[in-house]
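Participant: What follows is a predicted structure for the sequence shown.
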Amino acid sequence: MGALKLELGLPQSIDGLTVDPQPDWTFDSLFIELSSIEKKLDTSPIFPVPFTKIRSRELSIMKDIRRSPRTFAMHISDDEIEDVGSDGDGEAREQFLVRGRRFACDELYISDSDDSGDESALETQYHLMDKVGLVEGPLLELTHEYQISITEEIRNQIVALETDLMSENEKFTSALARVERHTEAKRDIDRKLDMHYQRKIAEALDNHLTAIQRVHEHRSQIEERRIRDDAAFEESKRKEKALQEEKLRQEKIRAEAEARLEAEKKRAEEAKAAALEAERRAAKEAAERVATENLRRASAAVVPLKEADGLQTGSGSNIMQKATSAGNVFKGAARALELEERRLQIYNEVAAHKKALGLDSNKDYRSRGMQVARQIRTISGSKENVRAKTDELIKIFIDSPWPQTISVAMFAEKVVALCINPTKSIFAYGHVIALVTAQVPIAMDLLLAELNRVCIFTVPKYINNSESVFDTEETYKKAIGFQEEDGKIESKDRYLERMVSYMKLYGALVQTQAGGVQNLHGLEEGWAWLARFLNALPANLYTGIALHTFLEMAGFALYRKYKSQFKKLLNIISRDFLNALKERGGEDTKINKVITNIQNYIESNQCREEPEGWRLESSLLSKSIAP
């Protein structure tokens, strides 16, 4: 298509103004041109004054339209169409329509009187449109459309805001209702929890009051039992006292009856007394010969004694510093050997007296021995039992038809024999011995003599195996305490079991602190035994087992009394005795076991732990627990 020239259907020049439209003008160029035309028209005398505009054109509200410009088409007049060549109708229409450039209105002035119904304004507007309708028409149409779209958009936004506001109000109302329901539910839960806690507090208070009432009832029952037991005990003492008075009265009557026969029996008794005196002198001479022989052997060697932290006393006294040995065969502290010799002498005198009376074949003597053994076997770890057994044994000593020392020697023999397999706590044996010997002091010497006779470690003493003294191994074993069973020497295990039992009895005895009486061989003697043992005895299997057994039984009481001094002795044992024992041990499993036991005792501080059965049970407690 060729170029098309656009021409207006108006004169080309009006009042000296030339109309020359340019299809490629922009809206800004058009606006500038229109402004210049207005100024010219204002100065022209052709147009009357009413056409003068009150305010200038302002198109600021059309900025959005500039950003999105609309297109418009310029048409050619009908006269122009007829001059076009005879091409087809479609080609002619395409040539008649020329696409113009897009433009936007920067500002659009709308008069306040547009919405009013003033006819003069409408006439003026129509007059202006008639005069300048070619330019202002599209602008007014665009302005009107823009106002409509803005109004519609504002109305839509208002509707949307009202809808949102109603939705928010509904949500707020719903949320407020949920909060109120949640608050009410929480109040219900709090009320339920409060009632539950109050119920629990009431139940706990009721249980507490019930428990207190039960405790008071239990205590009152215990008190009533104690009162009944004390009354029964007082009644038994009263009956026993009456029985003794009756017995004394009968004895007095019997003595009066026997006094009449005294003259007749005087000669027989004098002869019998002379015989007894002769036998006593013979026994004493035999004991002196044994002592002389022991002293003769002891003169060959002296065993040094160490001062164990000032624990062995009498350094300035006349204590013998010799061991009863020939060529260092006997090992022991001199004071311990002297005490053993004195106890052995007393024991031999009583044995000689018993033999002179011929009591070994006496049925009555054997019957009383069975009574003593029965009382010892039934000793248990309760205070009431210990007190009852002590009274029964003292009663047997008083009622004995023989001298009291013979009955006491019988008691010592039975206690030592039955301690190997005691039926009850070995600590109860110690309490009975302490109570009996407090009333009959000679019983302690006889008991210790019997213990020293059957177990040399209770002295403490040890005998080395010397070929110059002992011809055979059996002779040596008999010397250290092995017994014969069916004509054969007992095994080492059996011997060690008996030694452990004897040492348990000795350890239980020295640590016993019976209430109301003084133990004649108490903790001081146990402390002296431990010092003499460490000073004089060698470290081997026998002495190791004896030491460990003694510590198990008496270590707790010794620690309670001597505290740090006893800990020092344990350190000496750990440092000296165990090291010497390890040198002897080697591959000997028994010695290694003893080393482990003593080491565990020291390292685990077992001396601070109360041994089982150490504390006697109260009879009232046992009765209250019984159904």
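Facilitator: Thanks, I have the structure now.

Participant: got the domain boundaries for the chain?
Facilitator: Here the domain parsing of the chain from automatic domain parsing is 13-164, 299-463+471-617.

Participant: Need the three-state assignment for the closest residue to residue 614 other than its chain neighbours.
Facilitator: Using Cβ to Cβ, 6 or more residues apart in numbering and skipping the chain neighbours, the partner closest in space to residue 614 is residue 427 (5.4 Å). Glycine gets a C-beta too; all of them are placed from N, C-alpha and C. Counting by DSSP: H, G, I helix; E, B strand; the rest coil, the backbone at residue 427 sits in helix.

Participant: ok, now how distant is residue 427 from residue 547?
Facilitator: Residue 427 is 19 Å from residue 547, where distance means Cβ to Cβ, to the nearest Å.

Participant: Settle it for me: which of the two has more neighbours?
Facilitator: Remark: of residue 427 and residue 547, residue 547 carries more neighbours, 26 against 23, as counted by other Cβ atoms under 10 Å.

Participant: For my notes, confirm that one occurs in a helix.
Facilitator: Yes. Residue 547: assigned to a helix according to three-state DSSP.

Participant: Contacts for stretch 603-619, please.
Facilitator: For stretch 603-619, the external contacting residues (Cβ atoms under 8 Å, 6 or more residues apart in numbering) are 229, 381-386, 425-428, 431, 551-553, 555-556, 558-559, 566, 570, 600-601.

Participant: Cross-reference the residues you listed with the helices and report the matches.
Facilitator: Using DSSP state H, the subset of these located in helices is 229, 383-386, 426-428, 431, 551-553, 555-556, 558-559, 566, 570, 600-601.

Participant: which of these count as buried?
Facilitator: Buried members of those, scored by 16 or more other Cβ atoms under 10 Å, are 383-386, 426-428, 431, 551-553, 555-556, 558-559, 566, 570, 601.

Participant: so the closest residue to residue 400 other than its chain neighbours is in which element?
Facilitator: In space, and not counting its chain neighbours, residue 400 is closest to residue 407: 4.1 Å by Cβ to Cβ, 6+ apart. Per DSSP states H and E: residue 407 is located in helix 404-418.

Participant: Which other helices and strands does that helix contact?
Facilitator: Secondary-structure packing of helix 404-418 (3 or more Cβ pairs under 8 Å, 6 or more residues apart in numbering; DSSP states H and E): helix 334-357, helix 363-377, helix 383-399, helix 426-439, helix 442-454, helix 492-511.

Participant: Look up phi and psi at residue 516.
Facilitator: phi 90, psi -10 (degrees, to the nearest 10).

Participant: And it, how close does it get to residue 437?
Facilitator: The spacing between residue 516 and residue 437, counted by Cβ to Cβ, is 14 Å.

Participant: neighbour count winner among these two?
Facilitator: Neighbour count, other Cβ under 10 Å: between residue 516 and residue 437, residue 437 has more, with 26 against 6.

Participant: which residue packs closest to that one, ignoring adjacent ones?
Facilitator: Here the residue nearest residue 437, using Cβ to Cβ, 6+ apart, is residue 444, at 4.1 Å.

Participant: List the residues that contact the one you found.
Facilitator: Residue 444 makes contacts with 433, 437, 520, 521, as judged by Cβ under 8 Å, 6+ apart.

Participant: Adding pLDDT and distance to residue 186, write the residues you listed out as JSON lines.
Facilitator: Shown next, in JSON lines, are those (pLDDT from 0 to 100; distance: Cβ to Cβ, whole Å):
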{"residue": "433", "pLDDT": "92", "distance to residue 186": "76"}
{"residue": "437", "pLDDT": "91", "distance to residue 186": "80"}
{"residue": "520", "pLDDT": "89", "distance to residue 186": "80"}
{"residue": "521", "pLDDT": "92", "distance to residue 186": "79"}
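
Participant: Which one (most neighbours) among these?
Facilitator: residue 433 (28 neighbours).

Participant: and the residue nearest to that residue when sequence neighbours are not counted, what does it touch?
Facilitator: Excluding the flanking residues, the one nearest residue 433 by Cβ to Cβ, 6+ apart is residue 509, at 5.6 Å. Residue 509 makes contact with 429, 430, 433, 434, 447, 519, 521 under the criterion Cβ under 8 Å, 6+ apart.

Participant: Out of those residues, flag the one nearest to residue 501.
Facilitator: Using Cβ to Cβ, residue 429 comes nearest to residue 501 of the contacts of residue 509, at 10.7 Å.

Participant: Touching, the closest one and residue 508? I think so.
Facilitator: Yes. Counting by Cβ atoms under 8 Å, residue 429 touches residue 508, with 6.2 Å between them.

Participant: The nearest residue to residue 346 once chain neighbours are set aside: what's it in contact with?
Facilitator: Closest residue to residue 346 apart from its sequence neighbours, by Cβ to Cβ, 6+ apart: residue 445 at 5.2 Å. Counting by Cβ under 8 Å, 6+ apart, residue 445 touches 342, 343, 346, 347.

Participant: State the distance from residue 351 to residue 344.
Facilitator: 10 Å.

Participant: next one: residue 200
Facilitator: For residue 200 relative to residue 344 (Cβ to Cβ), the value is 75 Å.
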